[in-house]
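Model the structure of this input:
(chains A and B)
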Amino acid sequence: MPTDMMSPIALFLQADIVVKAVMIGLLLASVWTWAIIVGHWVRMRRINRDNERLEREFWKSEDIDSFYETRGRSDLPSAKILAAGIAEWRRSTAGKTVDRDGTRQRLAVALHSAVAAETDRVASRLNILATVGAVAPFVGLFGTVWGIMRSFTDIAGQQNTSLAVVAPGIAEALFATALGLFAAIPAVIAYNRFSYGINRLEARLQRFADGFHGTLSRELEAEA
Amino acid sequence: MDRAERTGFGVAFVGHAAILAALIWLGRPNSEAPQTKAFEVSFVDEVGLTSAAPMPTQQPAAAATAPEAGPVDDSAAAPAPAEAAPPVPDPRPVPEQPALTRQPRTRPEPPRQQPTRPITRQTRSEPKQTRPSESGTGERSRRPLIGDDILKGIGDDRQSRSNAPPAEVPGAARASINAAIRRALIPCERQPLPAPEAGAIKVNVRVQLNRDGSLADATVTRVINDDPGLRNYERRMRDLALSIVRGCTPIRGLPAEYYDAPRGWRQFTYQFDPRQS
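Residues are numbered from 1 along each chain as shown, chains lettered A, B, ... in the order given. Alright, predicted model coming up:
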C-alpha cells in the first residue's frame, strides 16, 4: 500500500482542495517556465548566429544604403539598430543645413535607445522566470503547511497517533513543496544563464552601435 | 507569441507529460508486487524428532514367517495363509482376530454393530477390517481369493499392537492438526484491534479441548509486548485472544486418535499474533 500511495497521481488525488490548487498552479508554472526556457534558448541561438553574420557582412559592404535596402529590413536587433541609425541620419541630413554636432548627438541617442529597446524586447519573458524562481518554493511551502495542518487536524479527530495515519497526509503535503522546487530550480538556473546571455548580447549590440556611429560620423565629416 | 515560443510550449508540454508518465511507470511495479497471491507455507517436520512408534507390548509378535499353503488351522495363533497361497481354503476365520484385539465391542454379534458405529468411524481404518466379522457365514463365495490376512506377520501385526495411543503424533499429522486449528480460529481473528499499533502485541493462550472439540479451558499464559507504550492495550488484547478461542472453539474434524497422544490436541498453545493473521 505505501508504495502505491507514493505515485504522483495518487498523491495528487488524495490531497486537500487547497493543496490540489497549489499543485496545479505549480505544475502550470513549471510548464510555462520550460516553455519560456526552450523558446528563449531557440530564439537566442538564432539571434546570435544571424546577428553575427549580419554585422560581418555589414562591415564588409561598401555602400551602407544599398546594404540597408537589401538586408537591413529584417527583425534582427542589429538590423533594427541599423534602421534606427539610418532613419535618424536621413532625417537630420534632409534639410539644407546640417548641424553636424547636433546630428552626431541625435545619432548617438537614437542608436543607444535602439540598443536598449532591442535588449528589452529579447529579455521580455525573463522576468517571468525570475518570478517563478523566487515565488514557487514559497507557494509549494504554503501547500505543504496547509496539508500538514489538515493532517494534524485529522489526527486530532481520529485520536490515533500512529505513523500509518499521519504519514500519508504529510507525504502528500510535502509533494507540494517538491513541485515548487521542481518548478523553481530550472527557472532560477535559466534566469541566471539567460541574464548573462542577454548582457553579452547588449554589449555586442552596443559595440555594433558605436561602430556604426563612428562610420556615420565619418560620413558626416566627409560630406562637409 | 512567435514561433520560438510555440516551440517552447510544445516542448515543455511534451517534457512534462513524459516525466509524469515515467513517474507513473516507475511507480507501477511497486504497486504490482504485493498483488502476488499469498499462499500458506508451514514448516513441517516430515520426520518426527522423537519416535512415533506405537507402544511396545509384552506379547510376542506373531510368527513373521510366510505361512505354508495348505489346510488352515482355525486357531488364532496359527499362521495365516499369505500371498503364496493360491488355494485359499478358508481364510475367513482369521480376520476376526484383529477385530478381537483392537475393538472388543464390535466383535460379538451383529445387532450391536449400530451403537458402536461412532467409535468405528473415528478410527478411520477400522470399518473395513470389521466387516468380515459382521458379514457372518453366508457370503463366502463373494469374498476375494486373497484374504485380509495377506499381510499377517509383516509388521502390521495386531497382536503386538496395543490399544494405547501412538507414542507421539508424527510430524506431518501434527502440522495438519495445527493447520486445522488455525483455520478454525481464523474467522474469529478478524476483529478490530483496539488500535493499529496494538497489533504488535502477541498473546499466548493455553487451550484445553474436550474430546468432541469443544473448549474445556483457556488461560492466557503469556503476553508478549516489547513496547512499553502499548501497555494499556495488553489487557484488551488478552480479552480479545480469549474471545477468539471461545468464539470459534467447537473445532470439528480433528483426528480422534491423536487427542490423547503426547503433544496431541487435548492441550495446545495458541498464539494470537495480529500481524500474522
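
how far away is A:Phe175 from chain B?
To chain B, A:Phe175 is 11 Å away according to Cβ to the nearest Cβ, to the nearest Å. Using the backbone N, CA and C atoms, a C-beta is placed for each residue, glycine as well.

unless I'm mixing things up, that residue is touching A:Leu11, no?
Yes. With contact defined as Cβ atoms under 8 Å, A:Phe175 counts as touching A:Leu11 (4.6 Å).

Those two - which one has more neighbours?
A:Phe175 (25 against 22; other Cβ atoms under 10 Å in any protein chain shown).

so who does the more buried one touch?
The contact partners of A:Phe175, taken as Cβ atoms under 8 Å, 6 or more residues apart in numbering or on different chains, are A:8, A:11-12, A:15, A:23.

any idea of the pLDDT on B:Gln208?
pLDDT for B:Gln208: 88.

Measure how buried it is and give me the count.
13.

Quick check, it in contact with B:Val245.
No. Taking contacts as Cβ under 8 Å, B:Gln208 lies outside contact range of B:Val245: 10.3 Å.

so which of the contacts of A:Phe175 would you say is closest to B:Leu26?
The shortest separation between B:Leu26 and any of the contacts of A:Phe175 is 10.0 Å, and it belongs to A:Pro8 (by Cβ to Cβ).

which phi and psi does that closest one have?
phi -60, psi -40 (degrees, to the nearest 10).

tell me the mean pLDDT for stretch B:19-28?
Model confidence over stretch B:19-28, given as mean pLDDT, is 83.

Next: stretch B:235-254.
Here the average pLDDT along stretch B:235-254 is 85.

ok, longest helix in chain B?
In chain B, with assignment by DSSP state H, the single longest helix is helix B:3-32.

tell me what that one is packed against?
Using 3 or more Cβ pairs under 8 Å, 6 or more residues apart in numbering or on different chains; DSSP states H and E, the elements in contact with helix B:3-32 are helix A:2-5, helix A:8-14, helix A:17-60.

of all the ones you listed, which lies closest to B:Pro196?
B:Pro196 lies closest to helix A:2-5 among those, at 13.7 Å (Cβ to Cβ).

Could you check stretch A:94-112 and say which residues are buried?
The neighbour-count check on stretch A:94-112 (16 or more other Cβ atoms under 10 Å in any protein chain shown) flags A:103-104, A:107-108, A:110-112 as buried.

And stretch A:204-220, by the same measure?
Buried residues in stretch A:204-220 (16+ other Cβ under 10 Å): A:204-206, A:208-209, A:212-213, A:216, A:220.

quick check, nearest of those to B:Val223?
Once Cβ to Cβ is applied, the member of the buried residues of stretch A:204-220 that ends up nearest B:Val223 is A:Arg204, at 81.4 Å.

which residues touch the longest strand belonging to chain B?
If you go by DSSP state E, chain B has its longest strand at strand B:215-224. Contact with strand B:215-224 is made by B:201-210, B:234, B:237-238, B:241-242, B:245-246, B:249-250, B:269, as judged by Cβ under 8 Å, 6+ apart.

just the buried members of these?
Buried members of those, scored by 16+ other Cβ under 10 Å, are B:201-205, B:207, B:209, B:234, B:237-238, B:241-242, B:245, B:249.

Mind checking which of those are in strands?
Residues from the buried ones among the contacts of strand B:215-224 lying in strands, with DSSP E as the criterion: B:202-205, B:207, B:209.

for the residues you listed, which one is nearest A:Ile189?
Set against A:Ile189, the nearest of these by Cβ to Cβ is B:Lys202 (54.3 Å).

Please list all residues in contact with that closest one.
By Cβ under 8 Å, 6+ apart, the residues touching B:Lys202 are B:223-225, B:271-273.

For the residue nearest to it when sequence neighbours are not counted, grab the count of nearby residues.
Using Cβ to Cβ, 6 or more residues apart in numbering or on different chains and skipping the chain neighbours, the partner closest in space to B:Lys202 is B:Ile224 (4.1 Å). By other Cβ under 10 Å, 14 other residues sit near B:Ile224.

mind listing what's buried in stretch A:63-72?
A:64, A:67-68, A:71-72.

any idea of the mean pLDDT in it?
Mean per-residue pLDDT for stretch A:63-72: 81.

what sits up against it?
When contacts are defined by Cβ under 8 Å, 6+ apart, stretch A:63-72 is touched by residues A:54, A:57-58, A:61, A:79, A:82-83, A:86, A:215, A:219.
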